[in-house]
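**Student:** The following comprises the amino acid sequence and a computationally predicted model.
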Amino acid sequence: MRDLSIVLCGEAGSGIQTVERVLSRVLKLAGYNVFATKEYMSRIRGGMNSAEIRIGSRRVDSFVDKIDIIVVLNKGAIKHLENRISERTVIIGEKTEVVENERHLGNFVPIALREISEEIGGEIYKNMVSVGVLVGLFRVRDEIIEDYIKSYFSEKGTDTIDNNIRAVKKGKEISVELAKRTSLNIDISQVDGVDKEILINGTEAVALGALAGGCNFISFYPMSPSTGIAVFLAQHADEFGVIVEQTEDEIAAINMALGAWYAGGRALITTSGGGFALMVEGLSLSAMIESPAVIHLGQRPGPATGLPTRMGQEDLLFTLFAGHGEFPRVIYAPGSLQDAFSMTQNAFIIADKYQVPVFILTDQYFLDSYYNLPDLDILEMKNEFQIKEVSKEYKRYEITESGISPRGVPGYGDGLVTADSDEHDESGHITEDHEIRVRMVKKRLEKMKFLEEEVIPPELIGSENYKILLVGWGSSRNVIKEALMESNRDDIAFLHFKQVYPLAGEIRKYLENAAKTVVIENNATSQFGRLIKLETGFEFEAKLLKYNGLAFSVEEITEFISKL
Amino acid sequence: MSENRFDMGEIDIAWCPGCGNFSILKAVKQVLLELDIDQKKLVMVSGIGQAAKIPQYIKTNYFNGLHGRALPAATGIKAANPHLIVIAESGDGCMYGEGGNHFIHTIRRNPDITHIVHNNMVYGLTKGQASPTSPTGFETPVQNNGVFIKPFNPIAVAIALDASFVARTYIAHKELTESILKNAIEHKGYALIDIFQPCVSFNKINTYDWYKANTYLLGEDYDPTDRKAAFAKALENEKYPLGILYQKTGGVIFEKQYYKHNEKPLFQRRPNLSSIKDLVESKRIN
């Protein structure tokens, strides 16, 4: 067995998140490679949510449909996961909550979770009993789980800690029994060094990248799935000197952020499609006043409120074309945690250097998915800060040979710093002079040439002598990569775009080398395919589009590849 | 006229002859001079409209942003560098209409900024439509049977939200206007000054004579610290009271909350990569 997939399923508020967190960390600390992700409904209590934890002898970093073990926390879980349950799936849970679909009873192992947890001190301990069962299957040492529980519940007092430890122990006892009663043979290997690796999700990778890029201001209005970035920065605000302001609306968020940049801050804006729609005029303002801006856009399926807690890649063309008037921009769409970190750090560097808006496009699946990795490579920031002390003669929009006007801030130097949403002259004052207008338009648009030089090229995964080329962008990277490796096909390669605008110069070459090209996206209209056609004239032969609100699974892509 | 370092010299000003904006500009520059404000440390923030052009005519730093959005930009500027003196200034349509939500929430935040609103009860630059403060019955090419919705009362709203400084003046009262502006700029916390001014091109009702007849000065005995009394004053609409209607000191100031652990303005901060590495390290164990 190379890897195993465990899914926990129950109502919102039933503690799935706690189980996911404790289990993924404890297994990692025990030396197992882990991947964890979740899907959830837009409600606070009730409904049906699930978390998947994959454990692998090799690195695991993507979502699979298959379920080896289900832990049922509430009635309704089996129905919720029906399509993913196979003959081999082992179902663990309370008899009254599982018996709803006879078909699956063959692998059902009833556990009196409620009774056991009541004995310990209440139904609240059901989750930790489940954790105990699962860590027992992986033979995790008591010391690891106990230490983790002590730190996780450190603020809750010794009674809570003791009860949770008892719950886990009870669960471990059951797991011995369980192993005997099922065909489950867990032979995943622990890997040296994994216990010392870091375990983060996409939200943390973006937020850490922002800190590394010098982010010291974030203004936002809460909106799934983007809010986690602001929460993370708020929790570390004092330590890193970050001003975190929750605004009255997204319009205030972007205008406040632009005010902060103007006065010397390095502001991040985090939002989702609907919130970004409200920010669009502000985006246009950033272009006119040549302000840097870094916008994290956690996409979700639309239009309008759409599926608020689900996954989609529907805002690429919106991001590309948002804003009245013409101006350059950069759009990143990281596919790995390292890229999310580095590209967010780089977004601040590029935004500052060229005084342009830079986007980081993610989605719920990317933001909520964890996996272990050895480290994060951090770029040292030495000469990456562009603010200049201004002299008396300073003109904010001076036309320079380099094409970039030095950026000063008010109160630093003897000069004055202006910003004007109207067309303006070099000093920043309103003008309706048509010649100046043309010079200013050119000056703003010519930055595109620098941005093209800074493009992060796509990554070719698989055989260089491919006949078929799969193309994807953003969060589908790891899933498509794993499916391709799984498929063992030396005639297929995968080209992943982590920067989607501007595009790298050599993409036609990659595309034309293939006899067949397929674009894979989480939207209904192949937005990236259309973007490539717009930029290069190239048209894809085939498309694999998924827009039901869920991420691609490895199996879906593997099956697709098998038919190519 | 004496030399004022805030003067721009010979420039083309886009206002109509006789516009109240000229007197407001003059008063603002006079007060800035009298308060001995360093123009390098001053930022004028505005939105869009005729009043919003005022920063263009003052020799200082400015951020002339979007219609209705001066306050969030001003708040961001003040938060990024509390050493700056920040004045947000624009018209009634910009501040009370398009920017109404920001008006409410900026008062709640209480940044140490001065908020000057040119209130002429009409939209000038778009040629004479009703503004949020137009009186009922006011006829325009759009509201051609007269405005039938109630006018926005910025003074009452500000006092209801416990704004830390609320004043109203009429631009023809030069001394009162200058004295209020001085007090507002020196006040610690958010300060609103609503300035009545005529629009000579599009408002034939609220003229110089109308303002003269429909306003009165608050007496010497008026106590601006009594919020209930101030609110009662704010509701008067037979004749509008002019002066500092409400002022309180000692409130929590927005940007100060963010400088308790680090006094450096944001432009002087650099990322602490070793702390970031420590934070990444912590992700190995939890």
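**Tutor:** It's in. Just so we're clear, the structure is a prediction, and the values are computed from it rather than from any experiment. Numbers count the residues shown, from 1 in each chain, chains lettered A, B, ... in the order given.

**Student:** For the stretch 1-150 of chain A, which residues are neighbours of chain B?
**Tutor:** For the stretch 1-150 of chain A, the contact set with chain B under C-beta under 8 Å from any C-beta of the partner chain comprises A:25, A:29, A:148. For the C-beta atoms, the positions are set from N, CA and C on the backbone; glycine is no exception.

**Student:** Show me which of those is closest to chain B.
**Tutor:** Proximity of the residues of the stretch 1-150 of chain A next to chain B to chain B (C-beta to the nearest C-beta) peaks at A:Arg25, which lies at 6.4 Å.

**Student:** Name whatever forms a beta bridge with A:His50.
**Tutor:** Careful, residue A:50 is Ser; it's not His. A:Cys9, A:Glu39 (DSSP bridges).

**Student:** check contacts around it.
**Tutor:** By C-beta atoms under 8 Å, 6 or more residues apart in numbering or on different chains, the residues touching A:Ser50 are A:7-10, A:16, A:38-40, A:77, A:80-81.

**Student:** Alpha carbons of the strand or helix carrying A:Val438, in PDB - could you do that?
**Tutor:** Using DSSP states H and E, A:Val438 maps to helix A:434-445. Taking Å, rounded to 0.1, in the frame of the first residue of the first chain, the C-alpha atoms of helix A:434-445 are listed here in PDB:
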ATOM      1  CA  HIS A 434      -4.000  65.900 -25.100                       C
ATOM      2  CA  GLU A 435      -0.200  65.600 -25.700                       C
ATOM      3  CA  ILE A 436       0.500  65.000 -22.000                       C
ATOM      4  CA  ARG A 437      -2.400  62.500 -22.000                       C
ATOM      5  CA  VAL A 438      -0.700  60.500 -24.700                       C
ATOM      6  CA  ARG A 439       2.700  60.600 -22.900                       C
ATOM      7  CA  MET A 440       1.100  59.500 -19.700                       C
ATOM      8  CA  VAL A 441      -0.800  56.600 -21.300                       C
ATOM      9  CA  LYS A 442       2.400  55.400 -23.000                       C
ATOM     10  CA  LYS A 443       4.300  55.700 -19.800                       C
ATOM     11  CA  ARG A 444       1.800  53.500 -17.900                       C
ATOM     12  CA  LEU A 445       1.400  51.000 -20.700                       C
END
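
**Student:** Burial check on residue 12, number of neighbours?
**Tutor:** This is for chain A. 18 (other C-beta atoms under 10 Å in any protein chain shown).

**Student:** Can you look at chain B instead?
**Tutor:** 7.

**Student:** and if you look at B:Asn110?
**Tutor:** B:Asn110 - counted by other C-beta under 10 Å - has 24 other residues nearby.

**Student:** Give me the buried positions along the helix holding A:Val438.
**Tutor:** Residues A:436, A:440, A:443-444 are the ones in helix A:434-445 that count as buried (16 or more other C-beta atoms under 10 Å in any protein chain shown).

**Student:** Now do it: everything it contacts.
**Tutor:** Contacts of helix A:434-445 (C-beta under 8 Å, 6+ apart): A:287-288, A:290, A:326-328, A:397, A:399, A:403, A:405, A:423-425, A:431.

**Student:** try it again with 10 Å
**Tutor:** A:287-288, A:290, A:325-328, A:355-356, A:397-400, A:403-405, A:423-426, A:431, A:433 (C-beta atoms under 10 Å, 6 or more residues apart in numbering or on different chains).

**Student:** Go back to the residues you listed and keep what's next to chain B.
**Tutor:** A:288, A:424 (C-beta under 10 Å from any C-beta of the partner chain).

**Student:** Quick check on the contacts of helix A:434-445: which are buried?
**Tutor:** A:287-288, A:290, A:327-328, A:355-356, A:397, A:404-405, A:423-426, A:431.

**Student:** Filter those residues down to just the ones in helices.
**Tutor:** Among these, the members falling in helices (DSSP state H) are A:287-288.

**Student:** Just the closest residue of the stretch 101-250 of chain B to chain A, please.
**Tutor:** Of all residues in the stretch 101-250 of chain B, B:His105 sits closest to chain A, at 3.9 Å by C-beta to the nearest C-beta.

**Student:** Which parts of chain B are strands?
**Tutor:** Assigned strands in chain B, in chain order: B:42-46, B:61-64, B:85-91, B:113-119, B:165-170, B:191-196, B:215-217, B:240-247 (criterion: DSSP state E).

**Student:** for the stretch 251-400 of chain A, same thing?
**Tutor:** A:267-271, A:293-299, A:330-332, A:357-363, A:370-373 (DSSP state E, counting those that start in this stretch).

**Student:** Pick the most buried one from those strands.
**Tutor:** strand A:267-271 (a mean of 31; mean count of other C-beta atoms under 10 Å in any protein chain shown).

**Student:** Sheet-wise, list the partners of that one with their directions.
**Tutor:** strand A:217-220 (parallel), strand A:293-299 (parallel).

**Student:** Export the lowest-mean-pLDDT helix or strand in chain A to PDB, keeping only CA atoms.
**Tutor:** Lowest by mean pLDDT, DSSP states H and E among the helices and strands of chain A is helix A:95-98, with a mean of 81. Provided in PDB are the C-alpha atoms of helix A:95-98 (Å, rounded to 0.1, in the frame of the first residue of the first chain):
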ATOM      1  CA  LYS A  95     -24.500   1.900  14.400                       C
ATOM      2  CA  THR A  96     -27.500   4.200  14.500                       C
ATOM      3  CA  GLU A  97     -25.700   6.800  12.400                       C
ATOM      4  CA  VAL A  98     -24.400   4.500   9.800                       C
END
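
**Student:** from the chain's centre, how far out does the longest helix anywhere in chain A sit?
**Tutor:** Using DSSP H to define each element, chain A has its longest helix at helix A:158-181. Computed by C-alpha atoms, centre = their mean, to the nearest Å, the chain-centroid distance of helix A:158-181 equals 33 Å.

**Student:** For A:Thr309, give me phi and psi.
**Tutor:** In terms of degrees, to the nearest 10, the main-chain angles of A:Thr309 are phi -110, psi 10.

**Student:** can I assume it is in contact with A:Gly549?
**Tutor:** Yes: applying C-beta atoms under 10 Å, one finds A:Thr309 in contact with A:Gly549, separated by 8.7 Å.
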